[in-house]
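Enquirer: Got a predicted structure plus its sequence, pasted below:
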Amino acid sequence: MALSSSQPPYLNPIIPFSGKIQGGLQDGLKITLTGNVLYYNGTRFAVNFHSGPSDNDIAFHFNPRFEEGGYVVCNTKQNGCWGPEERKMHMPFQMGNPFELCFLVDSYNFKVTVNGSHFVQYSHRVPFHRVDTLSISGAVHLSYIGFQNMRATPMQPAFSTVQFSQTACFPPRPKGRKPKSPGTWQANAAPITQTVIHTMQSAPGQMFLNPVIPPMAYPNPTYSMPFFTSIPGGLYPSKSIIVSGTVLPSAQRFHINLRCGSDIAFHLNPRFDENTVVRNTQVNGSWGSEERSLPRKMPFVRGQSFSVWIMCEGHCLKVSVDGQHLLEYCHRLKNLPAINSLEVAGDIQLTHVQT
């Protein structure tokens, strides 16, 4: 089933947070939050789905409490009055640790998963289509709030719809290294099926095809490092890639590579030991000239979460960090569809990848 983005994600939102859910809640809408539980700022946090901007009508109140051994309260507030609590006497979060929290809406309830595992179902007490606002408060830091319509049907293509299967491509592991235990998502799992939709694009005096490929999200926060995966369809104008994570407190460097076979089309390399972000391209094992200048201060901080958004355009890649534009990198390898794999490695903990 193809996934379509219902609205742009909120990147590194400030807590307390309140934001609109464009079009309101719908059957099949999945809302994903990634972040860290804080050691300070209290012993609770809450995710609320509101009907309207005020807190008088909360369709679903999801409230982890790190008290009395830890438990989670679920409830609904109508006209300013809370209903009966539903308590789950289990705490799936750990203070100081990254997490991934998903809410999937269907006709009967909210299905909640934490770190890829089912946690609780909460039956609707009020019509869910009235909900149009999401708020988060308490002892939590978020790097990403994303929206996906799991049941959306793609727009009718101008030409054809083609099915293909593609699995992640892992480079050969160097000899002598101890194999890492596999993560939840594995390269040799069932192939990922994507739908390629060809849409008509026009330019002065010409017509051409542009593949529109739904993004693939890998939301499990337990990633084996280094992390490798495919970019279905390769790069093309309007294609975006999101990498979110947390920089380790003792970090020296990490890198995000967009690869074209054995070549590296784009090397994004934050270096804390040099307080800069190096960009480069490697062809046939040889590096080109480095780009180091930045229009603002180093956007990555040891011990803090981040979200990198790489947007492909016809002549360059545009890179934003935590929602703020950082740099542009002109394409040195021009065959964009051949740039079809992503590598992330170094001194970080990954929490979200979308290609």
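Expert: Arrived safely.
Enquirer: Give me the buried positions along stretch 248-266.
Expert: For stretch 248-266, burial by neighbour count (16 or more other CB atoms under 10 Å) applies to 251, 254, 255, 256, 257, 258, 259, 260, 263, 264, 265, 266. C-beta: built from backbone N, CA, C; applies to glycine.
Enquirer: tell me how far the ends of that stretch are from each other?
Expert: 23 Å (CA to CA, to the nearest Å).
Enquirer: show me where this structure has helices.
Expert: Shown for the chain, no helices are assigned by DSSP state H.
Enquirer: okay, now the domains of it?
Expert: 4-149, 161-170+193-213+215-354 (automatic domain parsing).
Enquirer: Now render these as a markdown table, adding mean pLDDT.
Expert: Formatted as a markdown table, these follow (pLDDT from 0 to 100):
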| stretch | mean pLDDT |
| --- | --- |
| domain 4-149 | 91 |
| domain 161-170+193-213+215-354 | 80 |
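Enquirer: ok, the residue lying closest to residue 71 once chain neighbours are set aside - how many residues close by?
Expert: Nearest non-adjacent residue to residue 71, counting by CB to CB, 6 or more residues apart in numbering: residue 89, 4.9 Å away. Applying other CB atoms under 10 Å, we find 9 residues neighbouring residue 89.
Enquirer: Hmm, residue 68 and residue 89 touching each other?
Expert: No - assessed by CB atoms under 8 Å, residue 89 is found out of contact with residue 68, at 9.0 Å.
Enquirer: if we can go back for a sec, farthest pair in the buried residues of stretch 248-266?
Expert: Using CB to CB, the pair of the buried residues of stretch 248-266 lying farthest apart is 251 and 260, separated by 27.3 Å.
Enquirer: circling back to that earlier point, tell me the one among the buried residues of stretch 248-266 nearest to residue 298.
Expert: residue 251 (11.9 Å).
Enquirer: quick one: contacts for the residue lying closest to the closest one once chain neighbours are set aside?
Expert: Excluding the flanking residues, the one nearest residue 251 by CB to CB, 6+ apart is residue 347, at 3.5 Å. Shown in contact with residue 347 (CB atoms under 8 Å, 6 or more residues apart in numbering): 247, 248, 250, 251, 252, 253, 254, 272.
Enquirer: What values do phi and psi take at the last one?
Expert: For residue 272, the backbone dihedrals are phi -80, psi -30 (criterion: degrees, to the nearest 10).
Enquirer: so what's it up against?
Expert: Here residue 272 is in contact with 247, 251, 252, 253, 298, 300, 302, 347 (CB under 8 Å, 6+ apart).
Enquirer: cool, and the third one?
Expert: Contacts here follow CB under 8 Å, 6+ apart; on that basis residue 250 touches 302, 347.
Enquirer: before we move on, what about the first one?
Expert: Applying CB under 8 Å, 6+ apart, one finds that residue 247 lies in contact with 254, 272, 300, 301, 302, 303, 304, 305, 306, 347, 348.
Enquirer: got the contact list for the fifth one?
Expert: For residue 302, the contacting residues are 247, 248, 249, 250, 251, 272, by CB under 8 Å, 6+ apart.
Enquirer: Let's see that with 6 Å instead.
Expert: By CB atoms under 6 Å, 6 or more residues apart in numbering, the residues touching residue 302 are 247, 249, 251.
Enquirer: Out of those, which is nearest to residue 231?
Expert: Closest approach between the contacts of residue 302 and residue 231, by CB to CB: residue 247, at 23.5 Å.
Enquirer: Which strand residues bridge that closest one?
Expert: Beta-bridge pairing for residue 247 (DSSP bridges): residue 348.
Enquirer: From residue 126, how far off is residue 88?
Expert: Distance, residue 88 to residue 126, by CB to CB, to the nearest Å: 20 Å.
Enquirer: should've said residue 255
Expert: From residue 255 to residue 126 the distance is 47 Å (CB to CB).
Enquirer: same check, this time on residue 302
Expert: From residue 302 across to residue 126, the span is 44 Å (CB to CB).
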